[in-house]
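# have a look at this prediction, sequence included:
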Amino acid sequence: MAVIQQFWSQVAAIQRDAVAWMCDTFTAMMPKSEPHHFIECLYKLLMMAPAERYYQTDNWPSEQVRLYMPLSSVLLPIPAL
C-alpha cells in the first residue's frame with residue numbers, strides 16, 4: 001500500500017507543478033484567440049482526456065496498464081501551492 005501512496009503523491013506533485021506552470025507561463029504564450037488549447041492541455045495533464053490521446057503517439061502507457069494508469073491518477077486531489 002505504501003507504493004501506491006508514494007505513486008499518488010508523486011503524480012499529485014507533478015500535476016500541481018504543471019498546473020502552476022500552465023497558469024503562469026503557458027497562458028502568457030498562448031494566443032488570446034485560442035483558449036481551447038489551454039483546456040485541452042489541462043485535461044491531458046490531469047489525465048482526464050480520452051485514453052487514446054496518451055498512447056496514440058508513443059504507446060504510453062503500455063497495454064497492460066492502459067486502463068489503470070489514468071484511473072489511478074485522475075482521482076487524485078491536487079495539493080495547494
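Arrived safely, thanks for sending. Numbering: from 1, shown residues only.
# I'd like the mean pLDDT over the strand or helix carrying Gln56, please.
Element membership for Gln56, per DSSP states H and E: helix 52-58. Here helix 52-58 scores 71 as its mean pLDDT.
# in this structure, which segments are predicted with low confidence?
1, 33, 54-55, 58-61, 66-81 (pLDDT under 70).
# against Ile39, how distant is the residue nearest in space to the middle of it?
Nearest to the mean C-alpha position of the chain, counting by C-alpha atoms, centre = their mean, stands Leu45 at 2.2 Å. The gap separating Leu45 from Ile39 is 11 Å, by C-beta to C-beta, to the nearest Å. In this view, the C-beta of every residue, glycine as well, is placed from N, C-alpha and C.
# the residue nearest to the centre of the chain against Met22, yeah?
Yes - with contacts counted by C-beta atoms under 8 Å, Leu45 reaches Met22, the gap being 7.1 Å.
# which parts of this structure are helices?
2-21, 27-29, 36-45, 52-58, 68-74 (DSSP state H).
# isn't Met22 right next to Cys41, touching?
Yes - using C-beta under 8 Å, Met22 is in contact with Cys41, at 6.5 Å.
# sorry, back to before: deepest-packed of the helices of the chain, please.
Mean neighbour count, computed with mean count of other C-beta atoms under 10 Å, is highest for helix 68-74 among these, reaching a mean of 15.
# tally of neighbours for Phe26?
Using other C-beta atoms under 10 Å, Phe26 is surrounded by 15 other residues.
# what residues are up against it?
38, 41 (C-beta atoms under 8 Å, 6 or more residues apart in numbering).
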